[in-house]
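> below: sequence and its predicted model.
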Amino acid sequence: MRTDTSPGTLPAREHLPAGDAGTPVLDVVIPVYNEEKDLQPCVLRLHEHLKRTFPYAFRITIADNASIDSTPQVAARLESDIHEVTSFRLEQKGRGRALRTVWSASDAPILAYMDVDLSTDLNALLPLVAPLISGHSDLAIGSRLARSSRVVRGAKREFISRTYNLILRGSLQARFSDAQCGFKAIRRDVAQALLPLVEDTGWFFDTEMLVLAERAGLRIHEVPVDWVDDPNSTVHIVKTATEDLKGVWRVGKALASGSLPLDRVTRPFGDDPRDRDIQDVPKGLARQLVGFCVVGGLSTLFYLVLYSLFRQFGGSQVANALALLVSAVANTAANRRLTFGVRGRGGAVRHQAQGLVVFAIGLALTSGSLAALNAASSDPAHSTELAVLVAANLAATVLRFLLFRAWVFPDRDDSAEEPSLAALDSPSSPTYATAPRSPQHPQYPGSYAPLPQRQSQQGTYDTASTTQFRAGEAADGSWRDATMQLQPVRPHDTDPRNSR
């Protein structure tokens, strides 16, 4: 439940068509730095595998990270010899920088990357990209830590990998199992909206992208892989681990402060447009209850500490009022951000004012309890006062949650304040357009052919016009628009004989 955000800017996922024979559906990027020996065997092996097993047109892009050996010459030779291979040269190092640059320029609807050592068995490539092509998922990652994965590597790397993923789970609440396996894929429409939020240009790029995607509610598909460690890897483990920990701290701080506009990268509920007008369904009730209980428990401890502190300088009523006031302000702020997902400063003053009204109700309950206790005993023990206050606060907590959900942070009426999700299907909706091809990237000619779109449940297909969507645009208008036209996967969806 968000009260000051948009309903989501990415269109619903659809199955991608095979397209024309010359239009690449998949673009596999291989970032390299001084890989003159391994580059050619890698590309030849990958090209042969894709030619033999991949049912769609594809491209292999070599992203050279400012190599100083003969890697650029090897890449150029491969590009001239193999039609599906292209190369791209960057004058700055950084795997994340290479992926961002090439993915932003690519016209393929599915973007992937893998390490040049091909440690991951290529038989996992089709299962990796299939959920993205089918429209089931937004991103896909290979996992070396899945139970059915088969991995050969030393104890040191195994320990570091598992420790790092435990840190991600504990600090950023990540639920994906393997952040750093060099075997990932993403849909282009998702990349266009998500990559502007990713700051890292090095090895932490993968982790940051996955964490932000997961927090935005995008679907991440995991594929168990067979993986053999490359003993000649040039990755500096200590330096990389240090940079990764700095990235974890930076991203965690940004998520805690709510400075990332992740609501701009959300999907509408239900990938079928007919499912977007679902009414009277509680949104995130279970998650809100858990969050509210956690915040409430911490607030109660904070309140008791404050009460015990203030009680040393005044009477019980004054101490209770002051402790409840301070903890109520902190409780409202924490629930606003963590429980109900409200980001930004908009409406914060109003929410605090309404929270103070809820505080007044809680004050009446707890003060009434203290008054009843004092009436029953002229000098009650401090422990008895605390027990009575805990019971009163539990009752006030239940009422506080109901008031927060129904009054302070209610669901907005999207139809009154902003275009509804269903309106995104109309031809008059704002557009979601692909980033224009940069003249600096001539190796990415053209885009895949325009596709027919559903106009309405009762209407027919219109091949002359397509439904377009608004890309995630920041409040300052700094985000660029980018276009991806999608085709319905079930032609019978608009058949008037369909009674659904």
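Yep, that arrived. Keep in mind the model is a prediction, meaning the values are calculated, not measured.
> for this protein, just list every one of the strands.
26-32, 58-65, 85-90, 110-114, 139-143, 150-152, 183-187, 220-224, 226-228 (DSSP state E).
> name every strand pairing with the first one and say which way it goes.
Strand 26-32 has the following strand partners under DSSP bridges: strand 58-65 (parallel), strand 110-114 (parallel).
> got the angle between the last one and strand 139-143?
Here strand 110-114 runs at 20 degrees with respect to strand 139-143, directions being taken by axes from the mean of the first three to the mean of the last three C-alpha atoms, to 10 degrees.
> oh, and call the first residue 44 from now on, that's how I've got it
In the new count, where the first residue is 44, that last one comes out as strand 153-157.
> what angle separates strand 153-157 from strand 226-230?
Using the same axes, to 10 degrees: strand 153-157 against strand 226-230 is 170 degrees.
> run the chain-centre distance for strand 153-157.
Chain-centre distance of strand 153-157: 18 Å, with C-alpha atoms, centre = their mean, to the nearest Å.
> state the mean pLDDT of that strand.
Predicted confidence along strand 153-157 averages 96 (mean pLDDT).
> for that strand, C-alpha coordinates in CSV please.
This file holds the C-alpha atoms of strand 153-157, laid out as CSV (Å, rounded to 0.1, in the frame of the first residue of the first chain):
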residue,chain,number,x,y,z
ILE,A,153,16.4,-10.0,-24.0
LEU,A,154,19.8,-8.9,-22.7
ALA,A,155,22.2,-11.4,-21.0
TYR,A,156,25.8,-11.6,-20.0
MET,A,157,28.3,-14.2,-19.0
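> got the contact list for it?
Under the contact criterion C-beta atoms under 8 Å, 6 or more residues apart in numbering, strand 153-157 has outside partners 59, 68-74, 89, 142, 146, 163, 168, 171-172, 175-176, 225-231, 234. (C-beta placed from N, C-alpha, C; glycine too.)
> tell me the spacing between the residue lying closest to residue 448 once chain neighbours are set aside and residue 180.
Nearest residue to residue 448 in three dimensions, chain neighbours excluded: residue 331, at 6.9 Å (C-beta to C-beta, 6 or more residues apart in numbering). Distance of residue 331 to residue 180, computed by C-beta to C-beta, to the nearest Å: 26 Å.
> what pLDDT is listed against the residue nearest the centre of the chain?
With distances taken as C-alpha atoms, centre = their mean, residue 256 lies nearest the centre of the chain, 1.6 Å away. On pLDDT, residue 256 comes in at 93.
> cool, residue 462 as well?
The predicted local confidence for residue 462 is 38.
> please name the residues that touch the residue nearest to the centre of the chain.
Taking C-beta under 8 Å, 6+ apart, one finds 181, 182, 233, 237, 263, 308 in contact with residue 256.
> surely the last one is in contact with residue 236?
To tie it back to what came earlier, the one meant is residue 308. Yes: using C-beta atoms under 8 Å as the test, residue 308 is close enough to residue 236 to be in contact (4.9 Å).
> looking at the chain, which helix is longest?
helix 391-419 (DSSP state H).
> go ahead and measure how far it is from the middle of the chain.
38 Å.
> tell me which of the strands of the chain lies nearest to residue 348.
strand 263-267 (39.8 Å; C-beta to C-beta).
> and the contacts of the closest one?
167, 170-171, 174-175, 179-186, 189-192, 219-221, 226, 253, 256-257.
> how about stretch 350-357?
Residues contacting stretch 350-357 (C-beta under 8 Å, 6+ apart): 361, 362, 363, 365, 366, 425, 429, 432.
> what residues are up against the third one?
Read that as residue 363. For residue 363, the contact set (C-beta under 8 Å, 6+ apart) comprises 350, 406, 409, 410, 413, 432.
> ok, 7 Å please
Counting by C-beta atoms under 7 Å, 6 or more residues apart in numbering, residue 363 touches 350, 409, 410, 413.
> what's the answer for the second one, then?
With contacts defined as C-beta under 7 Å, 6+ apart, the neighbours of residue 362 are 350, 353, 354.
> write a ChimeraX command that selects only the buried members of the residues you listed.
Selection of buried members from the contacts of residue 362 for ChimeraX, criterion 16 or more other C-beta atoms under 10 Å:
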select :350,353,354
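> export the contacts of residue 362 to a markdown table and append columns for distance to residue 204.
Formatted as a markdown table, those follow (distance: C-beta to C-beta, whole Å):
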| residue | distance to residue 204 |
| --- | --- |
| 350 | 47 |
| 353 | 49 |
| 354 | 51 |
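> export the contacts of residue 362 to TSV and tack on pLDDT and distance to residue 79?
Listed next are these as TSV, based on pLDDT from 0 to 100; distance: C-beta to C-beta, whole Å:
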residue	pLDDT	distance to residue 79
350	89	70
353	89	71
354	88	74
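> out of the contacts of residue 362, which sit inside helices?
Those of the contacts of residue 362 lying in helices (DSSP H): 350, 353, 354.
> quick one: the second one from residue 347, how far?
What that stands for is residue 353. Taken as C-beta to C-beta, the span from residue 353 to residue 347 is 11 Å.
> cool, and residue 118?
Distance of residue 118 to residue 347, computed by C-beta to C-beta: 65 Å.
> more crowded one of the two?
Using other C-beta atoms under 10 Å as the criterion, residue 118 and residue 347 rank with residue 118 on top: 27 against 16.
> out of everything not next to it in sequence, what's closest to the more buried one?
Residue 118 sits nearest to residue 130 (C-beta to C-beta, 6+ apart), 3.8 Å away.
> pull the contacting residues for that neighbour.
Contact analysis of residue 130 by C-beta under 7 Å, 6+ apart lists 105, 107, 118, 119, 122.
> okay, among those residues, which ones form the most distant pair?
107 and 122 (11.1 Å).
> of these two, give the one with the bigger neighbour count.
residue 107 (23 against 19).
> how about that one: what's its closest non-neighbour residue?
Nearest to residue 107 is residue 132, by C-beta to C-beta, 6+ apart, at 4.8 Å.
> and for residue 151?
residue 70 (3.7 Å).
> any stretches of the stretch 244-393 of the chain with poor pLDDT?
274-280, 311-327 (pLDDT under 70).
> can you map out the helices along it?
Applying DSSP state H, counting those that start in this stretch to the stretch 244-393 of the chain gives helices spanning 248-258, 280-300, 328-354, 359-377, 391-419.
> next, count neighbours for residue 383.
If we define neighbours as other C-beta under 10 Å, then residue 383 has 22 of them.
> please read the previous query as pertaining to residue 236.
23.
> quick check, it in contact with residue 53.
Yes: counting by C-beta atoms under 7 Å, residue 236 does reach residue 53; the two are 5.9 Å apart.
> joint contacts of the two?
Joint contacts of residue 236 and residue 53 (C-beta under 7 Å, 6+ apart) are residue 308.
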